[in-house]
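Q: Got a sequence here, can you build the structure:
(2 chains)
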Amino acid sequence: MTPNTPGKTPGRLYRLWDSDLFYAFRTAPVAIVATLVALTIIACAVLAPWLAPMNPYNPGGLNLMNGFTPPMEPNAFTGETFLMGADNQGRDMLSTIMYGTRTSLFVGAMAVLFAMTLGISIGLYAGWRGGWVDGALMRVADVQLAFPAILIALLIFGIARGFIPDNMRDQLAIWVLIVAIGLSDWVQFARVVRGATMVEKNKEYVQAARVIGAHPAKIMFRHILPNVMGPVLVIATISLALAIIAEATLSFLGVGVPPTQPSLGTLIRIGQGFLISGEWWILLFPSLTLLALALSVNLLGDWLRDALNPRLR
Amino acid sequence: MIAFIIRRLLQSVIVMIAVAAVSFTLFRFVGDPINSMVGQETSIADRQALRDSLGLNDPIVLQFGRFLGNALQGEFGISYRLQMPVTELILQRLPATVELALVSGLLAFVLGLSLGVYTALRRRGVLSNIIMTASLIGVSLPTFLIGVLLIWVFAVELRWLPSNGRGEVVALGDCWSTGLLTHSGRLALILPAITLGLYQMTLIMRLVRAEMLEVLRADYIKFARARGLSARAVNFGHALKNTLVPVITITGLQLGSIIAFAIITETVFNWPGVGALFINSVRFVDVPVMAAYLMMIALIFVVINLIVDLLYYAVDPRLRVDRAGKAH
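A: Numbering: from 1, shown residues only, chains lettered A, B, ... in the order given. Next comes the predicted model:
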């Protein structure tokens, strides 16, 4: 087991294990714990249809007698026990949370993907072209940066809803939400990519590519982009946490995902309604899940930023 | 200096016109304004007459001009949902929001500043570490969750404070109402103000701490100590004073965020402010209210940004030299 013997190239996995980044990862307990927590939650969410004890949105599987069963206590009528209790309609909270996290993660990930694509394209173009195009795009970015992202997402969501006919609103709500959160978040990506592009475009490899006559789009995406991916990755991780929180906030306010597809934010809103009457578990467990997810992704982003910054080594 | 002010003013006007264009598009093209005004039995000819009399058949540019003119006079039409003039609706609810925003802004500034100074001076203290760790959690917790948790602890379990509404309010003159003068009003303000101010407080605290640590390392602090000045004079007279410029800038800019985040806090606590009005207008697609709120919030942000920029320019001489150098 000496993969580093001369004359033999080490395998991909070994190279990953041996890389600087992975070494930094192995030696940072916070990063390991955060990754484990995040991966567990993500796995539970993605595999919800197979892992969850029940499908909470299949009305046939519900037993109203199970309503308001406290966690870990057998129900007085049916004798069923639920790890995290049951809500007012007898849905198992654990399953509800798994499905809710699935919606939250889907919206968050898609929004970040959208923001990333948009931000990278605008950043590359602005950095490459320079001049007034760059100036105009960056002014737009400055103005947008002056407003809080959640406000922008809310405004875009409201405006978009205005243009969609009544009967389509619920169907399209998730996609409108993704676009709204994505549009509120592209600025960070664009700024970083633009700055890096302006540095990279004067380097020799870019000049060489130009001399060969490569198309500017090809130079931007094939040659420059891979070299600016590090900071983009950091922003994407932190943006994921922000997008998940933004989605939860909007859904909590009742303007996010449709009620037929509740996310963590919707669950917390529902839970708040049962607080006064004492059914605390309907509120607590979705809140803890959201907190654990946002905090672990956030910590991971912080760690990644430090690990990729050579000055801090 | 004058060139800078003019350029900055022009920029603000352009932003406002852009926002007005968005508002106008929303106003004019979402649904049919006529449909939301008349009943079903109105004939097509009548509708056409109404359309003409309202100027909806005029060229778009002319209509936009008229919209701008009305907006400048604070005229935004009638809410589809509440059947009341939008301006009146907003003015009615503005005091609640302004009061909440100012109280939480003050709370955030005072507490943030003192905690920031404390953690910077007692860098390795146990309490400082506890405060710093707590602030990390405070930054990660979404605003609405903070509010819900506070309600749970202080309103449901301990029953110390009310969980919604503004309590009793006293009218001051014709257009202002305040909850600060009654006991129930003050009690009702506590939880929302903490919820809204917590995030800004942690932000200010971390900023003050970082700036203080930076300044305390500077040579003039060492000289001040060497001159035998008291620790108090050095820490507050020399160090804190020099950290205040960026702190005031950020605090000023955060005032806008506080008004924006008030939307969330108002919904959680059923606070009868402008933010709650806006959320409902988004939910029910009440276009005139949305358009008016959009213009109002943009105006607040633009004005705050402008003031902060000018203040910064007035306070920090280095910036003036830099800008002048660039201009030539």
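
Q: Contact residues of chain A facing chain B?
A: A:139, A:143, A:146-148, A:150-151, A:154-155, A:157-159, A:161-163, A:241, A:245, A:248-249, A:252-255, A:265, A:268, A:271-272, A:275-276, A:280, A:283, A:287, A:290-291, A:294-295, A:298 (CB under 8 Å from any CB of the partner chain). (Glycine included, C-beta is placed from N, CA and C.)

Q: Now restrict the residues you listed to buried residues only.
A: For the residues of chain A next to chain B, a burial check counting by 16 or more other CB atoms under 10 Å in any protein chain shown picks out A:143, A:146-148, A:150-151, A:154-155, A:157-159, A:161-162, A:241, A:245, A:248-249, A:252-253, A:255, A:265, A:268, A:271-272, A:275, A:280, A:283, A:287, A:290-291, A:294-295, A:298.

Q: ok, so what distance separates the closest residue to B:C175 other than its chain neighbours from A:V199?
A: Leaving aside its chain neighbours, B:C175 sits nearest to B:L91 (6.1 Å; criterion: CB to CB, 6 or more residues apart in numbering or on different chains). Separation of B:L91 from A:V199 (CB to CB, to the nearest Å): 51 Å.

Q: Neighbour count: the two, which is higher?
A: Each of B:L91 and A:V199 has its neighbours counted (other CB atoms under 10 Å in any protein chain shown); B:L91 has more, 15 against 12.

Q: Which residue ranges of chain B form helices?
A: Secondary structure of chain B by DSSP state H: the helices cover B:2-29, B:44-53, B:60-72, B:86-121, B:126-140, B:143-150, B:183-216, B:219-226, B:231-232, B:241-269, B:274-283, B:287-315, B:317-327.

Q: Now mean pLDDT too, for those, in a markdown table please.
A: As requested, the helices of chain B are exported to a markdown table (pLDDT from 0 to 100):
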| stretch | mean pLDDT |
| --- | --- |
| helix B:2-29 | 82 |
| helix B:44-53 | 76 |
| helix B:60-72 | 80 |
| helix B:86-121 | 88 |
| helix B:126-140 | 81 |
| helix B:143-150 | 87 |
| helix B:183-216 | 86 |
| helix B:219-226 | 86 |
| helix B:231-232 | 82 |
| helix B:241-269 | 82 |
| helix B:274-283 | 85 |
| helix B:287-315 | 82 |
| helix B:317-327 | 53 |
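
Q: Which residues does the helix or strand hosting A:W132 contact?
A: In this assignment (DSSP states H and E), A:W132 forms part of helix A:131-146. The contact list for helix A:131-146 (CB atoms under 8 Å, 6 or more residues apart in numbering or on different chains) reads A:122, A:125-127, A:152, A:184, A:187, A:190-191, A:194, B:11, B:15, B:253, B:256, B:301, B:305.

Q: Got a quick PyMOL command for the buried subset of those?
A: To isolate the buried members of these in PyMOL, using 16+ other CB under 10 Å:
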select buried, (chain A and resi 122+125+126+127+152+184+187+190+191+194) or (chain B and resi 11+15+256+301+305)
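
Q: Which member of the contacts of helix A:131-146 is positioned nearest B:H183?
A: Taking CB to CB as the measure, B:H183 sits nearest to B:G256 out of the contacts of helix A:131-146, at 31.3 Å.

Q: I figured that closest one hits B:F301, correct?
A: Yes. The pair B:G256 / B:F301 is scored as a contact, 4.7 Å apart, by CB atoms under 8 Å.
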